[in-house]
Each structure stands twice: as structure tokens, then as C-alpha cells.
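In: Okay, sequence plus prediction incoming.
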Amino acid sequence: MAPLEDQAPAGEDGARLGALDVEAWRGDLQRLHGTIDQVVQSFISSQTRQLDAVAAELASQRDRIIVKERSFTELSNSIAGFVEEEAQRLQNLGFDVLSSAEEDARHEAYDAELPGPPALHRINRLWRKATKAFESQQQAKERETAAALEEQRHALEAQAAEAARKSEELLNQRNSEIESLKQSLEAL
């Protein structure tokens, strides 16, 4: 290899070539900066569009969730209203379905700690009470039916015994009449 001094241009031309190289280098740097700026801006722009799309989708999902929660709450309240009306109707029929205010407050405090809407917990509690009342009613009906059947059986047995007694009396009366007719015929 030749020494650096041999490769360096001499005089004015060397200064001009060195200046041109620096100017070319500066131009390359400026183009590089421009290209990097353009790439960064393009990246930031595409990322911003993606983030906007994600934000729009999240907002849409949030809106759908809010609508579903509102509908769920309305449905829960509607069902709770129906169940409470039925519980009141059962209460008016004499079934102990509704509880005291103190007991309701205690249950509501317990239900507040459970996940889900409070209306569902109230529906569940009233449903269990209504089911218990219906089971009690069914058992009471079964007992009433059994008692009515037993009473009817006794009445029918009494009627059968009375019919048997009357039949026996009629048979005895007939036999007496037959005997008296035989005696009347023999006397003639």
C-alpha cells in the first residue's frame, strides 16, 4: 500500500475534492435524516391509525357492554318485580313467603357481597321461598287429600255396613213373611 500522502491530491484540487467529499457526506446525511424522518413519520402514522382502530373497537365494545348491562338490569328488575308480585300474592293467600324488613336487610347486606346484580339475588331468595311455600302447599294438599280419602273411606264403610244391616233386615223380614205365608197356606 502506498502511504496516505501519496494518495492525497496536491494543491487546490485536493482542497476542492476534500470539500466536495464533505459536502457529499453532508448531503447524504441530510437525505438520511429526511429518509429516517419519513420512515419514522410513516411508522408513527400507521401506529396511530392502528391505535385509533383499537380505540374505536374498544369504545364500540364498551357501548355494547353498556347496552347489554342496561338490558340485563331491566330484565332483572322486571323478573324481580314479577317474583315480588307473586310472593305478595302468595303472602295474601296465607303462605309465609315474604320476610321481615330486618331479615330482608340482613339478606341484602349478604347479597351485596356476592358478585352480580342485587336484583338477581333477591329473585333467587324469593324463588327459594316460593318453591318452599309450594312444596309446603303440596304437602298440605296431600295431607288434606289423605284425610278426605280416609273420611270418605269411613263414610263408605259405614254406608256398606248400613246397607248390609238393611239387607239382613230385609232378608229376615222376607223370611218371616215366607214363613207366615207358608203357615197361612198350610192352614188353608
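Out: Received the coordinates, thanks.
In: hey, let's count contacts and neighbours off CA atoms from now on
Out: Noted.
In: And the residue nearest to the spatial centre of the chain, how far from residue 131?
Out: Here the mean C-alpha position of the chain is nearest to the C-alpha of residue 120 (C-alpha atoms, centre = their mean), at a distance of 7.6 Å. Distance, residue 120 to residue 131, using C-alpha to C-alpha, to the nearest Å: 16 Å.
In: okay, now residue 127: neighbour count?
Out: For residue 127, the neighbour count with other C-alpha atoms under 10 Å is 18.
In: wait, it sits on residue 83?
Out: Yes - contact status for residue 127 versus residue 83: in contact at 7.2 Å, counting by C-alpha atoms under 8 Å.
In: Could you list the low-pLDDT ranges of this structure?
Out: Counting by pLDDT under 70, the chain contains low-confidence residues at 1-20, 95-100.
In: Please enumerate the helices of it.
Out: Listed in chain order, the helices of the chain (DSSP state H) span 4-7, 11-92, 101-112, 118-187.
In: Can you name the residues that contact residue 111?
Out: Applying C-alpha atoms under 8 Å, 6 or more residues apart in numbering to residue 111 gives the contacts 118, 121.
In: Roughly how far does it sit from residue 85?
Out: 20 Å.
In: And residue 173, by the same measure?
Out: From residue 173 to residue 85 the distance is 67 Å (C-alpha to C-alpha).
In: ditto for residue 45
Out: Distance, residue 45 to residue 85, by C-alpha to C-alpha: 59 Å.
In: and if you look at residue 126?
Out: On the measure of C-alpha to C-alpha, residue 126 and residue 85 end up 10 Å apart.
In: for residue 30, same thing?
Out: 80 Å.
In: Likewise for residue 73?
Out: Applying C-alpha to C-alpha, the value for residue 73 to residue 85 is 18 Å.
In: more crowded one of these two?
Out: residue 73 (16 against 12).
In: Name all residues that make contact with the more buried one.
Out: residue 117.
In: got it, and the one 5 residues further on?
Out: In this structure, residue 78 makes contact with no residue, judged by C-alpha under 8 Å, 6+ apart.
In: for residue 82, same thing?
Out: Contacts of residue 82 by C-alpha under 8 Å, 6+ apart: none found.
In: wait, what's in contact with residue 57?
Out: Counting by C-alpha under 8 Å, 6+ apart, residue 57 has no contacts.
In: Now do residue 94 against residue 68, distance only.
Out: 38 Å.
In: do the same with residue 155
Out: In this view, residue 155 and residue 68 are 63 Å apart by C-alpha to C-alpha.
In: for residue 40, same thing?
Out: Relative to residue 68, and taking C-alpha to C-alpha, residue 40 is found at 41 Å.
In: now do residue 163
Out: From residue 163 across to residue 68, the span is 73 Å (C-alpha to C-alpha).
In: same check, this time on residue 131
Out: For residue 131, the distance to residue 68 - C-alpha to C-alpha - is 29 Å.
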